[in-house]
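Chemist: Model the structure of this input:
(one chain, ligands or ions: 2)
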Amino acid sequence: MAIERTLILIKPDGVQRGLVGDVLGRFERTGMKIVGLKLMQMSPDLAAQHYKDHVGKGFYAGLVKFMTSAPLVAICVEGPKAIDNCRKLMGKTFCTDAQAGTIRGDFGVSRGLNLVHGSDGPEAAARELGLFFKAGELVEYSRAIDAWTFNDEDKA
Ligand code: DAT
Ligand code: MG
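Modeler: Ligands and ions are numbered 1, 2, ... in the order given. Predicted coordinates for the structure are as follows:
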C-alpha cells in the first residue's frame, strides 16, 4: 500500500520564527493530506522516547534541550509515499547542506536549528505517530480534490 502516514514536527525554531504556515504549506501544497495537527510542548520524557536512537551521541543533550524549550507543531501527513516524499521536501539534515527549494535549504542557516522533523521509515513513522497522537486524534476524511490529486496507480 503506497498511501503512507508520517510524523512531521515543526520544531520550536519554526514556531518562534513565525514559519508554521510556510512550512506546513510546503507539505500541504503537494496534495498530501493533513490528518492530525496539534501545537504542544515536548516533555523531556517524550523527547527521550522520540530520540531514543540518538541517546549517547554528542549532540543529544543539546537536541533535547532545544526540542523541549518552546512549543512545536506535530502533524500527521498522509499521501502516496508520504514518508520519503516529506524527507525530500525537508532536505538534508543541516540547513547549510540542504538544497535550495527544500524547507531546510530555503528557511534555515543552522545545523541544529533545522526547523522540521520527518520520520525516516515505516517503522519510525508508526512508532513516532503513536508517541504524538492518540488513535482518535487522527482523522479519516476525503476531499473533493482527491480525485484530481492522485489516482489508483498512486495507491497501488
Ligand atoms: P534528521 O532530522 O535529518 O532525521 P537525524 O535523525 O540524524 O537527522 O538527527 C536528529 C536531529 O539531531 C537533527 O535534525 C539535528 C540534530 N543533529 C543530528 N546530527 C547532529 C550533529 N552532528 N550535530 C548537531 N546536531 C545534530
Ligand atoms: Mg531522524
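Chemist: Show me which residues of this protein sit near ligand 1.
Modeler: For the chain, the residues found near ligand 1 under the criterion Cβ under 6 Å from any ligand atom are 59, 63, 93, 111-112, 114, 117, 120. Any C-beta I mention is one placed from the backbone N, CA and C, and that applies to glycine too.
Chemist: Can you add neighbour count and pLDDT and give those residues back as CSV?
Modeler: Listed next are the residues of the chain next to ligand 1 as CSV, based on neighbours: other Cβ atoms under 10 Å; pLDDT from 0 to 100:
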residue, neighbour count, pLDDT
Phe59, 12, 97
Leu63, 16, 98
Thr93, 12, 98
Arg111, 12, 97
Gly112, 15, 96
Asn114, 25, 98
His117, 21, 99
Asp120, 15, 98
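Chemist: Can you tell me which of those end up in helices?
Modeler: If you go by DSSP state H, the residues of the chain next to ligand 1 have Leu63 in helices.
Chemist: helices or strands up against the top helix by length along the chain?
Modeler: Secondary structure of the chain per DSSP H: the longest helix is helix 122-132. Applying 3 or more Cβ pairs under 8 Å, 6 or more residues apart in numbering; DSSP states H and E, one finds that helix 122-132 contacts strand 3-10, strand 33-40, helix 44-50, strand 72-80.
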